[in-house]
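A.B. asks: Quick one: sequence plus predicted model below, questions after.
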Amino acid sequence: MQVVDLAETKLRALNARLHSLSANTNETVWRVENPDGQHALAVGLDAPITVEIAGHAGYYCASMNMQATVIVEGNAGVGVAENMMSGMVHVKGDASQSAGATAHGGLLVIDGSASARCGISMKGVDIVVKGSIGPMSAFMAQAGNLVVLGDAGDALGDSIYEARLYVRGEVKSLGADCVEKEMRDEHRVELRKLLDAAGLGETVQVDAFRRYGSARSLYNFHVDNAAAY
Amino acid sequence: MDSTNIPRTLPRFSATFDPHTLSEIRRAAATGIYDIRGGGAKRALPHFDDLLFLGASISRYPLEGYREKCATDVWLGGRHASKPIHLKIPITIAGMSFGSLSAQAKEALGRGATIAGTSTTTGDGGMTAEERGQSQILVYQYLPSRYGMNPDDLRKADAIEIVVGQGAKPGGGGMLLGQKISDRVAEMRTLPKGIDQRSACRHPDWTGPDDLEIKIEALRETTDWEKPIYVKIGATRPYYDVALAVKSGADVVVLDGMQGGTAATQDVFIEHVGIPILAAIGPAVKALQDLGMHRKVQLIVSGGIRSGADVAKALALGADVVSIGTAALVALGDNDPALEAEYNAIGATAGAYDDWHEGRDPAGITTQDPALTARLDPVAAGRRLANYLAVLTLEAQTIARACGKSHLHNLEPEDLVALTIEAAAMAGVPLAGTDWIPGKTKF
């Protein structure tokens, strides 16, 4: 295991070392000590490595991740796993606003809760939140899956496109053009896979969830829908 | 008197309710939806035409037109980037998306810019292989929608431009209507085919200058501090916005006036929000000077640049670079009178065609229809753009030499006077024949 102590090493040097790793590197496990909530930790990775962050992370941790597994052993600031393309980001604490924003792929698991705008503009990522999510989550969500074991705040899925939302708890309100949809077998299979990938196993039953998605009534502008905007 | 012989006054159109206004009221009443169009503000605005250069005379001497050097190059991004950009001319191609433009048009912009030794810019829809392949220097836009945002493309880019706003619609997001969402465009944007796509107007993961500073740092960390980071703003409150962009760590500020074009936006937005570029450069330059960052953080201005005179005037007011969008499209072949019959067939006329959102452009530029896009030869169109850029440069050099300048950047506000009080006040230069700068000196 490679250990980098950010009390001694600058963030820029850490990221540069991680960026220099090739796809067949032997240095596959990295531990970052004393992160102290610094921003931009482990951003722009593109190698099949695991990075353990031993504490809290600031803004944009694991932003634009490709291939790598990044584990935050604390809370994560705004925009964790923002624009992730592939790989996995696991936050063991809570996440701030815009978790998984615009992410195109990969898996984001948050053991705690996520604040407002979780999954905003998501473009293919899978997000599993074991706690609850804040208001305006999945705003303009384009593709991917957002799974929430707890509750969702106001205006869930406002102006949503083709993303799928699964919520086990209460949804305070749905946003414009977001509706509850039938949970069919294909969705149960998909949800089971996501829960398994997040390490939840059979302790969490898929039938306890309700599915939400786009009514697709705002896809093409019509003046009679103007009040919905 | 025979009542039939009484002279009659001519029918008189209202200046307030003019024929265009009446036609818009009728269109609105018939459809119930605002008018959407492409391009920038079409109304008459105070502009560079209202400024004149004071050529050399007894107090200043000129340079020989064809013998003495007048340099044109510029470096961008040296504030923080380890790989700043060097342009041979201070004229760049503004961000325009694949989606709004055809792949052929994007390729042509790259070809033309590369011949001229300058950069081109992606748009709201990601980077295409055609434009990366044909653009020696390519600026990658980082927009609120993040359509097609890909770290591999980010690493391929020569600079990153964080788009906060644009002059045609400061405070608004992009639009791309269903007619132009082809399979390829839909895939690049991760959207269903054929929907009316409205881009976000705010970034999804930051708000305000403090967040922007952290976002810029994250982009630098992602790309190992190599690439210049631009921040693009629509001209509204240029003094404060430029100051905040600099405070947030921008290497370059891009300032777009209301004449700057858009692919598709509400006409009411284009014509009534934002300020002309003439009024925006002065406050932007003052912000840079007040922070001690003029020429350290470069200022790119755009919005209605048409000629080498416009280039020279923008630089004289303190900009480092200008960028062109609408003029570049015209150079490619947009609105060509040779296509008049085809423009007529879609209810338009060459020179006034702005329904770019409908995707029926007979020139093959603002469309995704394969039969139309195939009409644009990217090599020939790129050559036309390169020729046009050469003319802009030669014209600007002609003026600069006449003012005795050995580099375009040596042009200065003292070389300018204004023809109107409005232009004098906005540009901060004296009214011609006086030493009066309204708002600064007494008449």
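C.D. replies: Sure, I can see it. Numbers count the residues shown, from 1 in each chain, chains lettered A, B, ... in the order given.
A.B. asks: All the helices of the stretch 101-250 of chain B, residue numbers only.
C.D. replies: B:103-116, B:129-134, B:151-156, B:183-189, B:208-222, B:238-247 (DSSP state H, counting those that start in this stretch).
A.B. asks: and what of chain A?
C.D. replies: A:11-19, A:185-197 (DSSP state H).
A.B. asks: of all those helices, which lies closest to chain B?
C.D. replies: helix A:11-19 (4.9 Å; C-beta to the nearest C-beta). The C-beta positions use only the backbone N, C-alpha and C, and glycine is treated the same way.
A.B. asks: The closest one - what's its average pLDDT?
C.D. replies: The average pLDDT within helix A:11-19 is 98.
A.B. asks: cool, stretch B:283-290 as well?
C.D. replies: 98.
A.B. asks: rank the helices of the stretch 101-250 of chain B by pLDDT, which is bottom?
C.D. replies: helix B:183-189 (a mean of 86).
A.B. asks: For the stretch 151-300 of chain B, which residues are neighbours of chain A?
C.D. replies: B:151-152, B:154-155, B:178, B:189-192, B:194-196, B:200, B:204-206, B:211, B:214-215, B:217-218, B:221-225 (C-beta under 8 Å from any C-beta of the partner chain).
A.B. asks: and those residues, which are buried?
C.D. replies: With neighbours counted using 16 or more other C-beta atoms under 10 Å in any protein chain shown, those contain these buried positions: B:151, B:154-155, B:178, B:189-192, B:194-196, B:200, B:204-206, B:211, B:214-215, B:217-218, B:221-225.
A.B. asks: and stretch A:87-107, is it in reach of chain B?
C.D. replies: Yes: under the criterion of C-beta under 8 Å from any C-beta, stretch A:87-107 makes contact with chain B via A:97-98, A:101-102, A:104.
A.B. asks: helix or strand for B:Ser323, which one?
C.D. replies: Assigned by DSSP states H and E, B:Ser323 belongs to strand B:321-324.
A.B. asks: so how far is that strand off the chain centroid?
C.D. replies: Centre-to-centre, strand B:321-324 and its host chain are 7 Å apart (C-alpha atoms, centre = their mean, to the nearest Å).
A.B. asks: One more: stretch B:404-411?
C.D. replies: 23 Å.
A.B. asks: Give me the buried positions along it.
C.D. replies: Buried-residue list, stretch B:404-411, by 16+ other C-beta under 10 Å: B:404-405, B:407-409, B:411.
A.B. asks: and which of these is nearest B:His80?
C.D. replies: B:His409 (21.0 Å; C-beta to C-beta).
A.B. asks: Excluding covalently adjacent residues, which one is nearest to that closest one?
C.D. replies: B:Leu315 (6.4 Å; C-beta to C-beta, 6 or more residues apart in numbering or on different chains).
A.B. asks: what's the one you found sitting at in phi/psi?
C.D. replies: Here is the backbone geometry of B:Leu315 (degrees, to the nearest 10): phi -70, psi -40.
A.B. asks: State the distance from it to B:Ala280.
C.D. replies: 15 Å (C-beta to C-beta, to the nearest Å).
A.B. asks: Equivalent analysis for A:Met88, please.
C.D. replies: A:Met88 is 46 Å from B:Ala280, by C-beta to C-beta.
A.B. asks: Neighbour count for the two, which is higher?
C.D. replies: Set A:Met88 next to B:Ala280 and count neighbours by other C-beta atoms under 10 Å in any protein chain shown: B:Ala280 wins out with 29 against 21.
A.B. asks: a strand runs through the more buried one, doesn't it?
C.D. replies: No: counting by DSSP: H, G, I helix; E, B strand; the rest coil, B:Ala280 is not part of a strand but helix.
A.B. asks: And it, how far from chain A?
C.D. replies: The spacing between B:Ala280 and chain A, counted by C-beta to the nearest C-beta, to the nearest Å, is 30 Å.
A.B. asks: To what extent is the closest residue to that residue other than its chain neighbours buried, counted in neighbours?
C.D. replies: The spatial neighbour of B:Ala280 that comes closest, neighbours along the chain excluded (C-beta to C-beta, 6+ apart), is B:Ala235 at 3.7 Å. If you count neighbours by other C-beta under 10 Å, B:Ala235 ends up with 30.
A.B. asks: now swap in A:His187 and tell me
C.D. replies: 18.
A.B. asks: From what I see, it and A:Arg164 are in contact.
C.D. replies: Yes: using C-beta atoms under 8 Å, A:His187 makes contact with A:Arg164 at a distance of 7.2 Å.
A.B. asks: ok, B:Tyr353 to B:Gly125 distance?
C.D. replies: 22 Å.
A.B. asks: hmm, I was thinking of A:Met136
C.D. replies: Taken as C-beta to C-beta, the span from A:Met136 to B:Gly125 is 24 Å.
A.B. asks: Please say which of the two ends up with more neighbours.
C.D. replies: Using other C-beta under 10 Å as the criterion, A:Met136 and B:Gly125 rank with B:Gly125 on top: 27 against 21.
A.B. asks: what's that one in contact with, if anything?
C.D. replies: Residues near B:Gly125 by C-beta atoms under 8 Å, 6 or more residues apart in numbering or on different chains: B:97-100, B:147-148, B:176, B:185, B:188-189.
A.B. asks: on that earlier part again, tell me which of the helices of the stretch 101-250 of chain B sits most buried.
C.D. replies: helix B:103-116 (a mean of 26; mean count of other C-beta atoms under 10 Å in any protein chain shown).
A.B. asks: And it, what does it pack against?
C.D. replies: Where contact means 3 or more C-beta pairs under 8 Å, 6 or more residues apart in numbering or on different chains; DSSP states H and E, helix B:103-116 is packed against strand B:91-93, strand B:119-121, helix B:129-134, strand B:137-142, helix B:326-332, helix B:370-373, helix B:378-402.
A.B. asks: how big is the angle separating that helix from helix B:378-402?
C.D. replies: Taking axes from the mean of the first three to the mean of the last three C-alpha atoms, to 10 degrees, one finds helix B:103-116 and helix B:378-402 inclined to each other by 40 degrees.
A.B. asks: how distant is helix B:103-116 from the center of its chain?
C.D. replies: 16 Å.
A.B. asks: Spatially nearest residue to B:His80 (excluding sequence neighbours)?
C.D. replies: B:Asp251 (5.5 Å).
A.B. asks: Tally up the residues packed near the one you found, please.
C.D. replies: With other C-beta under 10 Å as criterion, B:Asp251 counts 26.
A.B. asks: Can you check the pLDDT for it?
C.D. replies: B:Asp251 is given a pLDDT of 98.
A.B. asks: Might you report the residue contacts of it?
C.D. replies: Neighbours of B:Asp251 in contact, by C-beta under 8 Å, 6+ apart: B:76-81, B:84, B:228-230, B:297-298.
A.B. asks: Quick check: it vs B:Pro46, distance?
C.D. replies: B:Asp251 is 30 Å from B:Pro46, by C-beta to C-beta.
A.B. asks: What of A:Gly144?
C.D. replies: 48 Å.
A.B. asks: Comparing these two, which residue is more hemmed in?
C.D. replies: A:Gly144 (25 against 22).
A.B. asks: show me the contacts for the more buried one.
C.D. replies: Counting by C-beta under 8 Å, 6+ apart, A:Gly144 has contacts A:103, A:105, A:119, A:122-127, A:163-164.
A.B. asks: Then A:Gly213?
C.D. replies: Contacts for A:Gly213 (C-beta under 8 Å, 6+ apart) come out as A:157, A:160, A:162-165, A:178-179, A:181.
A.B. asks: What of B:Arg43?
C.D. replies: With C-beta under 8 Å, 6+ apart, B:Arg43 has these contacts: B:Glu271.
A.B. asks: now B:Glu217
C.D. replies: By C-beta under 8 Å, 6+ apart, B:Glu217 lies in contact with A:39-40, B:249.
A.B. asks: Go through those residues and say which is closest to B:Gly172.
C.D. replies: Looking across these and measuring by C-beta to C-beta, the closest to B:Gly172 is B:Gly249, at 25.3 Å.
A.B. asks: What's the local residue count around that closest one?
C.D. replies: Using other C-beta under 10 Å, B:Gly249 has 20 other residues around it.
A.B. asks: Can you give the domain ranges for chain B?
C.D. replies: Chain B breaks down into these domains under automatic domain parsing: B:36-403, B:412-443.
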